[in-house]
Each structure stands twice: as C-alpha cells, then as structure tokens.
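Asks: this is a predicted model, with the sequence first.
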Amino acid sequence: MAAGLYVLATPIGNARDISLRALDVLKGCDVIAAEDTRVTAKLLAIHGISRPLIPYNDHNGQQMRPQILSQLERGGVVALVSDAGTPLVSDPGYKLVREAIAAGANVVAIPGPSAVLAGLTLSGLPSDRFLFAGFLPSRAGERGSALEELKTVRATLVFFESAQRLADSLAAMAQVLGDRPAAMTRELTKLHEEVRRGTLRELAAHYAKAGAPKGEVTLLVGPPLEAAADDAKLDAALKAALAFMPVKAAAEMIAGLTDIPRKQIYARALGLKDDL
C-alpha cells in the first residue's frame, strides 16, 4: 500500500456497511487515527483486525497532528476514521488533511457510508442540489440567525440535530423558513431506523407532543417552495427545447430568456437529456 493518509468511511450503524477496500486499508495500515479508539476497536474486533490505534478528535487534534504528520513524512500509512460515517463531516479531520496536503503527503479517500446521503436518499426531497449545514446553534437567537442565512438557499438543507433539541429546532425552522416539506431520519441503517415525513409544522407538533426520539438524528428540509415551482418551469422549458435541439443550444436559448446562469441550465439540461 502506498504511503499516505487514507480518509476512510466507517459504518453509521450496520457493521456490514463497510467496503472491501476499506477493510484492506484497515488491515494494511501502520496506524489508525480514530475519533474514539474504543468505538473503532469494536469495529476492528467484528472484522478480526488488530492494528495500532491513536486518538484524533476535537480535544487533542492540535497536539496529535504533528505526530501524524511525522508518521506520514517517514513513509507511513495512516488511516483516519471517525466514530461513524465519513471523516471531515462535523469533525476536525479537514485540518489534518489540509496540513498533510501542505506537507506534500499523499491523501486518499476511501468512500463509504454517510448519514447525509443516506438521509437524502430516504427523504423524498429534491436531491439534485443540497447543502449540508451541520449542527444549528443551541441558543435560540443564534439558531434563528443561522436559519435566516439559509432561508434563500435554493436547495434541500441537511442538518445534524440533537434529539433533545429536535422539537425546538423544527419549530424555529417553520417560523423562519416557512412550512416546507421535511423529513426526520434517525438511527439510519440500525435496527430501529425511522423516517418520518411531513411539513415542518407537522413534525414540530408531533415531537412537541411525543417528546425527543432516541438515537442520532439527520434532519432534511426541502428548498423554498417558490424555487421548486421555478425548477418545474425550467424543466418543462428544457424538455420542450431538447425535443428539437441539442443540449448546448437549448441551454443557451433558455439562459437568454431567464436570469438563471447558463452553466446551471446546461447542467440541468444534461440530466434531463439522459432521462428523455
């Protein structure tokens, strides 16, 4: 295996959701930098793997990065893993990757499970454009300000949220974003996986009454309603144009009739062309 930093996705629930390539890296690396070594040790035990483990997380990242970079400089193979899913999503992994790149080290992505993509897949919401917004602030005022910044984003919004704050966050979203379609997903790929779909107000009312659910929550909110309507009009216009002209010409024609960037229309036209 070539020397370098291998950014490796691990299961978000079901231990079998790990790729053969990921198992090869875990077996062959010199050391595994893990968000929580106890969690990773359990995964390794399930798959019969024994490799040295070192902690790398929010609390010790600044101290551990020089040690990991030194290992890479010596030609080592380091696997970076989080407790679940793909590293760098809501963890300090990007700082290590950034410094490894600056040091000239080889960085390799070993893709795999992601709560963001799993939730998006199950939500039934538009998936051609989405924004991962991480965790909202816990304080009401800061949460409202964060939602105001996201209000006009013409994409499905994806959040991680604490189960205890779920009802409050849903109510704040309904107030700031409007009563959009949404989906609450929790315990993805696990035994008690749940997907509940509805409007933001419906979901807020449900969890205000039912109380906090158990487990880890990925919350998805549809794009602004007017954006969805505009997208439908754009698709209809493109389909009509693509019936008698090539993709580039159709995109240029419609771009000339709207304020939508040509690149955006061209990308959408390519997707529609494949479906025609």
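Replies: Arrived safely, thanks for sending.

Asks: and Ala167, how far from Pro111?
Replies: In this view, Ala167 and Pro111 are 34 Å apart by Cβ to Cβ, to the nearest Å. For every residue, glycine as well, the C-beta is placed using N, CA and C.

Asks: which one of the two has more residues nearby?
Replies: Regarding Ala167 and Pro111, a neighbour count based on other Cβ atoms under 10 Å identifies Ala167 as having more, with 20 against 13.

Asks: tell me who's in contact with the more buried one.
Replies: 204, 207-208, 212 (Cβ atoms under 8 Å, 6 or more residues apart in numbering).

Asks: what strand or helix carries it?
Replies: According to DSSP states H and E, Ala167 maps onto helix 166-177.

Asks: send me that helix as CSV with only the CA atoms.
Replies: Extracted in CSV, the C-alpha atoms of helix 166-177 (Å, rounded to 0.1, in the frame of the first residue of the first chain):
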residue,chain,number,x,y,z
LEU,A,166,-35.4,18.4,17.7
ALA,A,167,-38.9,19.9,18.5
ASP,A,168,-37.5,23.4,19.2
SER,A,169,-35.4,23.3,16.0
LEU,A,170,-38.3,22.2,13.9
ALA,A,171,-40.5,25.0,15.3
ALA,A,172,-37.8,27.5,14.6
MET,A,173,-37.4,26.3,11.1
ALA,A,174,-41.1,26.5,10.4
GLN,A,175,-41.1,30.1,11.7
VAL,A,176,-38.0,31.3,9.7
LEU,A,177,-38.1,29.1,6.6
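
Asks: okay, buried residues for it please.
Replies: 166-174, 176-177 (16 or more other Cβ atoms under 10 Å).

Asks: so can I have JSON lines of these showing distance to Tyr94?
Replies: Compiled in JSON lines, the buried residues of helix 166-177 are given as follows (distance: Cβ to Cβ, whole Å):
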{"residue": "Leu166", "distance to Tyr94": "27"}
{"residue": "Ala167", "distance to Tyr94": "31"}
{"residue": "Asp168", "distance to Tyr94": "29"}
{"residue": "Ser169", "distance to Tyr94": "25"}
{"residue": "Leu170", "distance to Tyr94": "29"}
{"residue": "Ala171", "distance to Tyr94": "32"}
{"residue": "Ala172", "distance to Tyr94": "28"}
{"residue": "Met173", "distance to Tyr94": "26"}
{"residue": "Ala174", "distance to Tyr94": "32"}
{"residue": "Val176", "distance to Tyr94": "28"}
{"residue": "Leu177", "distance to Tyr94": "27"}
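
Asks: one step back: please indicate which of the contacts of Ala167 are buried?
Replies: Buried members of the contacts of Ala167, scored by 16+ other Cβ under 10 Å, are 204, 207.

Asks: list the ones among the contacts of Ala167 that fall in helices.
Replies: With helices taken from DSSP state H, the overlap with the contacts of Ala167 comprises 204, 207-208.

Asks: mind giving me CSV with those and columns for distance to Phe130 and pLDDT?
Replies: Output for the ones in helices among the contacts of Ala167, formatted as CSV (distance: Cβ to Cβ, whole Å; pLDDT from 0 to 100):
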residue, distance to Phe130, pLDDT
Ala204, 21, 97
Tyr207, 23, 97
Ala208, 27, 96
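
Asks: and of these, the nearest to Val7?
Replies: Nearest to Val7 out of those is Tyr207 (Cβ to Cβ; 34.3 Å).

Asks: pLDDT at the closest residue to that closest one other than its chain neighbours, what is it?
Replies: In space, and not counting its chain neighbours, Tyr207 is closest to Ala167: 4.0 Å by Cβ to Cβ, 6 or more residues apart in numbering. Here the pLDDT value assigned to Ala167 is 96.

Asks: and the ones in helices among the contacts of Ala167, which is closest to Leu225?
Replies: After measuring the ones in helices among the contacts of Ala167 against Leu225 - Cβ to Cβ - the closest member comes out as Ala204, at 17.3 Å.

Asks: so that closest one sits against Leu170, correct?
Replies: Yes - the criterion here is Cβ atoms under 8 Å, and Ala204 meets it with Leu170 at 3.7 Å.
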